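1. The sequence and its predicted three-dimensional model are supplied below.
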Amino acid sequence: MLDRLFTDHPRSVGESYGAHFLVATRFGTTMIGAGLACLIHGLVPGLFKTTGSRAIGELHDRMVTHRRR
């Protein structure tokens, strides 16, 4: 059970648990930051005009570029 929860998925993408933790944490913090920027942009449209879309593009590129088949 614990193996399935903690190591099956990281192993399926060619990462150790620790490496996957770091990658997922970076993705998560980037998404949180971009989300906050989007909320602020909603209130003040002149701020953070490209932050959300740029973050999405960068995350997509990182995920696709580093994907192991």
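-> Yes, it's here. Numbering: from 1, shown residues only.

2. what distance separates stretch 58-69 from the middle of the whole chain?
-> 10 Å (Cα atoms, centre = their mean, to the nearest Å).

3. can you pull the buried residues of that stretch?
-> Buried residues in stretch 58-69, counted by 16 or more other Cβ atoms under 10 Å: none are found. The C-beta positions use only the backbone N, C-alpha and C, and glycine is treated the same way.

4. tell me which element the residue nearest to the spatial centre of the chain is part of?
-> For the chain, the residue nearest the mean C-alpha position is residue 27 (2.2 Å; Cα atoms, centre = their mean). Assigned by DSSP states H and E, residue 27 falls within helix 17-43.

5. ok, then the element right after that helix?
-> helix 51-65.

6. Run through who's touching that following helix.
-> The contact list for helix 51-65 (Cβ atoms under 8 Å, 6 or more residues apart in numbering) reads 27, 30, 31, 33, 34, 35, 37, 38, 41.

7. try it again with 10 Å
-> With Cβ atoms under 10 Å, 6 or more residues apart in numbering as the contact definition, helix 51-65 has outside contacts at 13, 23, 26-27, 30-31, 33-41, 48, 50.

8. so what's residue 67 scoring on pLDDT?
-> Here the pLDDT value assigned to residue 67 is 67.

9. I should have written residue 62 there, sorry.
-> Residue 62 is given a pLDDT of 89.

10. now it: how far from residue 6?
-> Going from residue 62 to residue 6 by Cβ to Cβ, to the nearest Å gives 23 Å.

11. Equivalent analysis for residue 25, please.
-> For residue 25, the distance to residue 6 equals 15 Å [Cβ to Cβ].

12. Among these two, which residue is more densely surrounded?
-> The neighbour comparison of residue 25 against residue 6 (other Cβ atoms under 10 Å) goes to residue 6, with 13 against 10.

13. Let me see the contact set for the more buried one.
-> 17, 20, 21.

14. Also residue 21?
-> So residue 21 contacts 6, 10, 15 (Cβ under 10 Å, 6+ apart).
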